[in-house]
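Can you look at this prediction? I've put the sequence above it.
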Amino acid sequence: MLKITEPPKDSLVKGTIRHEATDKANKQEKQIITSINKEDNKEEISNKYLQEYSKILQETVQKNKELLRKVKLALTDAYDQAWQHFKNQAELRAENAYNFKKQTGLHGQELWQKLTPKIKSEIRIESQKLGLKGIIDIIEVFRNNLVPLELKTGKAPKEGVWPGHKIQLAAYMLLLSEKYGTSVKEGYIEYLDIKEKREIIMNPMLAEEVTKTTEEAKQLLKSKEIPDICDNENKCEACGIKQKCHNKEFLAERQKLLNRTTL
């Protein structure tokens, strides 16, 4: 609200690399699949994925070298910290491709055309009616179903998902349902640090909660009053602007300045 920008930190930079590399890898899958020959076995298909995913991650890390320099993270460390996730994803996608090839007897272009689920990532979506917009990390596209998936780092709850993650994913389910005229009934939060996917099921109560939260956010943004500091200390602990946020004199001056520029 006060137009304060958080300085880059290693978790944000690593998240940027993860998102960019995931998007590139998903877009490259068509080329990987169409290169699969009739004779390719499970190991050979896995190697195709692993080689391509490794190359994409290396290129993405190199592209973001200036950001990594600002947070004092070496390129090799950034690659190593991201690779296990990408290695797991490559192996999962390779296994899916191999199993589908084995079941159908298809390969190359025909295998790609029939393969399910296909993966789309970094999908921008918006609705004037719902008053929402966002970027969905991953959508698994089945023949008659769409399943959104959000990737999250950091601590996971003992069970279920964090409330904010639940609302975010539910909002994406509503956006997808409206955009494609279909009922999106489930989605998943994947907590990368513990390698777990946790399901969220859409229901009328959850849809109403999304609508209520959206209206509260709109009212907050329209208000000229600074909201109370978040009562969750864990949220503030890792925040790059907490010193400014807790400085009442700074906030008051900042608010006066913005009020003058918007008059």
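Structure received. Residues are numbered from 1 along each chain as shown.

tell me the mean pLDDT over the helix ranked longest in the chain?
Looking across the chain with DSSP state H, the single longest helix is helix 75-104. Helix 75-104 shows a mean pLDDT of 95.

who does the next helix or strand after it touch, helix- and strand-wise?
Later in the chain than helix 75-104, the nearest helix or strand by DSSP states H and E is helix 108-114. Contact here means 3 or more CB pairs under 8 Å, 6 or more residues apart in numbering; DSSP states H and E; on that basis helix 108-114 packs against helix 10-34, helix 75-104. No exception for glycine: its C-beta is placed from N, CA and C like everyone else's.

tell me which residues in the longest helix of the chain are buried?
For helix 75-104, a neighbour-count test (16 or more other CB atoms under 10 Å) marks 78-79, 82-83, 85-86, 89-90, 93-94, 97-98, 101 as buried.

correct me, but residue 226 touches residue 4?
No. With contacts counted by CB atoms under 8 Å, residue 226 stays clear of residue 4, the gap being 11.4 Å.

what's the closest non-adjacent residue to residue 15?
Sequence neighbours aside, residue 153 is the residue nearest to residue 15 in space, at 6.6 Å (criterion: CB to CB, 6 or more residues apart in numbering).

Counting neighbours, what do you get for that neighbour?
The burial count assigned to residue 153 is 13, neighbours taken as other CB atoms under 10 Å.

Was I right to think it contacts residue 192?
Yes. Using CB under 8 Å, residue 153 makes contact with residue 192 at a distance of 5.3 Å.

show me where the protein has strands.
For the chain, the strands defined by DSSP state E cover 118-127, 132-141, 146-152, 186-191, 196-201.

With mean pLDDT and distance to residue 27 added, can I get the ones you listed in a markdown table?
Formatted as a markdown table, those follow (pLDDT from 0 to 100; distance: least, CB to CB, whole Å):
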| stretch | mean pLDDT | distance to residue 27 |
| --- | --- | --- |
| strand 118-127 | 94 | 8 |
| strand 132-141 | 95 | 12 |
| strand 146-152 | 95 | 16 |
| strand 186-191 | 96 | 19 |
| strand 196-201 | 96 | 22 |
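
These: which one's closest to residue 168?
Nearest of those to residue 168, taken as CB to CB: strand 146-152 at 6.6 Å.

isn't residue 206 right up against residue 171?
No. Contact criterion CB under 8 Å: residue 206 and residue 171 do not qualify, at 9.8 Å.

Compare the two (neighbour count), which wins?
Shown here are residue 206 and residue 171; by other CB under 10 Å, residue 171 has more neighbours (25 against 18).

pretty sure that one is touching residue 132, no?
Yes. With contact defined as CB under 8 Å, residue 171 counts as touching residue 132 (5.4 Å).

what residues are shared contacts of these two?
The contact sets of residue 171 and residue 132 overlap at residue 214 (CB atoms under 8 Å, 6 or more residues apart in numbering).

Look at stretch 183-193 and report the distance between its end residues.
30 Å (CA to CA, to the nearest Å).

Report the distance from it to the chain centre.
10 Å (CA atoms, centre = their mean, to the nearest Å).

Check stretch 138-146 too.
That offset, for stretch 138-146, works out to 16 Å (CA atoms, centre = their mean).

count of residues packed around residue 137?
Neighbours of residue 137 using other CB under 10 Å come to 21.
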